[in-house]
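>>> I would like to see how this sequence folds:
(chains A, B, C and D)
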Number of protein chains: 2
Amino acid sequence: MVVDQLRETELDRLFQAFADSTRRDIVRRVTVGEYSVSGLASLYAMSFAAVQKHVTVLERASLVTKEKRGREQIVRGNHEGLQKARRLLDEYEAIWQERVGRMAGILAEG
Amino acid sequence: MVVDQLRETELDRLFQAFADSTRRDIVRRVTVGEYSVSGLASLYAMSFAAVQKHVTVLERASLVTKEKRGREQIVRGNHEGLQKARRLLDEYEAIWQERVGRMAGILAEG
DNA sequence: CTATCGTACAACCAAATGGTTGTAGATCAG
DNA sequence: CTGATCTACAACCATTTGGTTGTACGATAG
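Below you'll find the model as predicted:
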């Protein structure tokens, strides 16, 4: 099980990335359209550097990709991170439903 | 939109709670069975107080509930938090699919 | 009653987080 | 070429986080 250490820190970064409303907003926006980093920065009441850091966090969580275009860096949504997050929560949901099934089974017996 | 501030910090706490492997493990375990706080603490290589703090984080995120039973505090899974997290990710997925639909539409036109 | 167990909580600490300003390198416009 | 724009990155700062130890208190067992 020691191998899973990789996946665990990956998930740490993923959910950590979601745990900030500015970052969640960035993810929504860059899924719909394309934005440069400064284009994103202009949307929020914080410095360019702060937004840049948020984008880096999202990139390391596979929620976003950056691609250089001229002097701009274009930020786009990356489905991969979202899929991984959803898969984990789906597992948790399955555990819940399993439990619900057991409860029903016990009721049926009794 | 200012009202959403509440929901945003709620989501912050929720995803923050998921952003730690010990806490994710606790959620899994208490969904399947019942554990006292010290019962949980015995599972991890950290102090009782540390686990107690993790449980508090999970409780504030509505991922877990505590119920006093004698001198023990029983920790159980709480579906509410999980549902909220899943609902958010489902919204994001919908935005993706919408985008995919638009792309297909453009291709059909051209 | 007394010891033990389970919990709560405070105080402390190191590291990470979320923000800032400042500097410097590319790229583009004129 | 020059100046403006976009990005990267370092240094710094306050707060939060994840951990520790220590103390106190209610509930239980003997």
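>>> what are the buried residues along the lengthiest helix in chain A?
When chain A is parsed with DSSP state H, its longest helix is helix A:79-109. Taking 16 or more other C-beta atoms under 10 Å in any protein chain shown as the basis for neighbour counts, the residues of helix A:79-109 that come out buried are A:H79, A:G81, A:L82, A:K84, A:A85, A:R86, A:L88, A:L89, A:Y92, A:E93, A:I95, A:W96. Using the backbone N, CA and C atoms, a C-beta is placed for each residue, glycine as well.
>>> what residues are up against the spatially closest residue to the third one that is not a sequence neighbour?
Nearest residue to A:L82, sequence neighbours excluded (C-beta to C-beta, 6 or more residues apart in numbering or on different chains): B:Y92, at 5.6 Å. Residues touching B:Y92, when contacts are defined by C-beta atoms under 8 Å, 6 or more residues apart in numbering or on different chains, comprise A:V27, A:R28, A:T31, A:L82.
>>> buried subset of those, written for PyMOL?
Remark: buried members of these, expressed as a PyMOL selection using 16+ other C-beta under 10 Å:
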select buried, chain A and resi 27+31+82
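>>> and the contacts of B:Y92, which two are furthest apart?
Of all pairs drawn from those, the one with the largest separation by C-beta to C-beta is A:R28 and A:L82; the distance is 10.9 Å.
>>> one step back: for the longest helix of chain A, what is the average pLDDT?
Helix A:79-109 shows a mean pLDDT of 92.
>>> bridged to A:E72, which residues?
Applying DSSP bridges to A:E72 yields these beta-bridge partners: A:R69.
>>> looks like A:S21 contacts B:R13 (just checking).
No. The pair A:S21 / B:R13 is not scored as a contact, 11.3 Å apart, by C-beta atoms under 8 Å.
>>> which residues touch A:K66?
The neighbourhood of A:K66, defined by C-beta under 8 Å, 6+ apart, consists of A:V37, A:V55, A:E59, A:Q73, A:I74, A:V75, A:R76.
>>> out of those residues, which comes closest to B:E109?
Relative to B:E109, and with distances defined as C-beta to C-beta, the nearest of the contacts of A:K66 is A:R76, at 21.9 Å.
>>> how many other residues sit next to the closest residue to A:R13 other than its chain neighbours?
Leaving aside its chain neighbours, A:R13 sits nearest to A:A61 (4.7 Å; criterion: C-beta to C-beta, 6+ apart). The number of residues packed around A:A61, counting by other C-beta atoms under 10 Å in any protein chain shown, is 25.
>>> same question for A:M46.
Using other C-beta under 10 Å, A:M46 has 12 other residues around it.
>>> report pLDDT for the closest residue to it other than its chain neighbours.
Once its chain neighbours are removed from consideration, A:M46 has its nearest residue in A:T22; the separation is 7.5 Å (C-beta to C-beta, 6+ apart). Predicted confidence (pLDDT) for A:T22: 98.
>>> helix or strand right after the host helix or strand of A:T22?
For A:T22, the host element (DSSP states H and E) is helix A:21-32. The helix or strand immediately downstream of helix A:21-32 is strand A:35-36, counting by DSSP H and E.
>>> near DNA strand D, anything from that following strand?
Yes. Using C-beta under 7 Å from any atom of the strand, strand A:35-36 reaches DNA strand D at A:S36.
>>> how about the helix or strand following that strand: buried residues?
Going down the chain from strand A:35-36, the next helix or strand is helix A:37-41, by DSSP H and E. Within helix A:37-41, the residues that count as buried by 16+ other C-beta under 10 Å are A:V37, A:G39, A:L40, A:A41.
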